[in-house]
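# Output the structure for:
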Amino acid sequence: MFRKAMLLAAVVGLFAVPMRAQNHKAWTPLNTVLAVTSTGLQLADCSQTITIARSKYYQETNFLLPRKPTVGRVLASCAVAITTNALLAKVLPNPWRNVSLAVVTLIEADAVLSNARPGLGIGLSLPF
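Next up, the predicted model:
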């Protein structure tokens, strides 16, 4: 899984180089709000997923991770997801940037709310 995620990040990075040359427009306030919101929700989801990894009562439902992921695997997948989100936001032209960030925001909001239903809170979960 980690290798596939790294390969995906590398492919996105390769396509980002030519796209970046076409994208000289400044960010709009909406771009910034969506970027901050999507990243904040990704961090909240990562915090909840670390709690799941440490718990013997909860199981992960994300199909990209095993039912009982290790904390290291959670951290790696979160790093790839957050980096990919930021990279796409950086290289996509403005209308597509909004779409990409809005989709990530909606997916992560659903994940955080779904995790909160059985009692998973959002907190600082350090891996050590």
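# which phi and psi does the nearest residue to Gln48 once chain neighbours are set aside have?
Spatially, and ignoring its direct neighbours in sequence, Gln48 is nearest to Asn115 (4.2 Å; Cβ to Cβ, 6 or more residues apart in numbering). For every residue, glycine as well, the C-beta is placed using N, CA and C. Dihedral pair for Asn115: phi -70, psi -30, per degrees, to the nearest 10.
# following the least confident helix or strand in the chain by mean pLDDT, which helix or strand shows up next?
The helix or strand of the chain with the poorest confidence is helix 2-22; it has a mean of 49 (mean pLDDT, DSSP states H and E). Once the chain leaves helix 2-22, the next helix or strand it forms, by DSSP states H and E, is helix 29-54.
# Under the pLDDT cut-off, which ranges of the protein? List them.
1-25, 123-128 (pLDDT under 70).
# could you say which helix or strand contains the residue nearest to Thr39 when sequence neighbours are not counted?
In space, and not counting its chain neighbours, Thr39 is closest to Ile82: 6.3 Å by Cβ to Cβ, 6+ apart. Here Ile82 sits within helix 71-91, counting by DSSP H and E.
# now that helix against helix 29-54, angle please.
Orientation of helix 71-91 against helix 29-54 (axes from the mean of the first three to the mean of the last three Cα atoms, to 10 degrees) gives an angle of 170 degrees.
# tell me which residues in helix 71-91 are buried?
71, 73-78, 80-82, 84-85, 87-89, 91 (16 or more other Cβ atoms under 10 Å).
# next one: stretch 95-104
Neighbour-count burial for stretch 95-104, with 16+ other Cβ under 10 Å as criterion, is recorded at 97-98, 100-101, 104.
# Asn31 versus the spatially closest residue to Thr28 that is not a sequence neighbour, what's the distance?
Take Thr28 and drop its neighbours on the chain: the residue closest to it by Cβ to Cβ, 6+ apart is Asn94, 6.7 Å away. Asn94 sits 7 Å away from Asn31, taking Cβ to Cβ, to the nearest Å as the criterion.
# Settle it for me: which of the two has more neighbours?
Asn31 (17 against 14; other Cβ atoms under 10 Å).
# In this structure that one contacts Leu101, no?
Yes: with contact defined as Cβ atoms under 8 Å, Asn31 and Leu101 form a contacting pair (7.0 Å).
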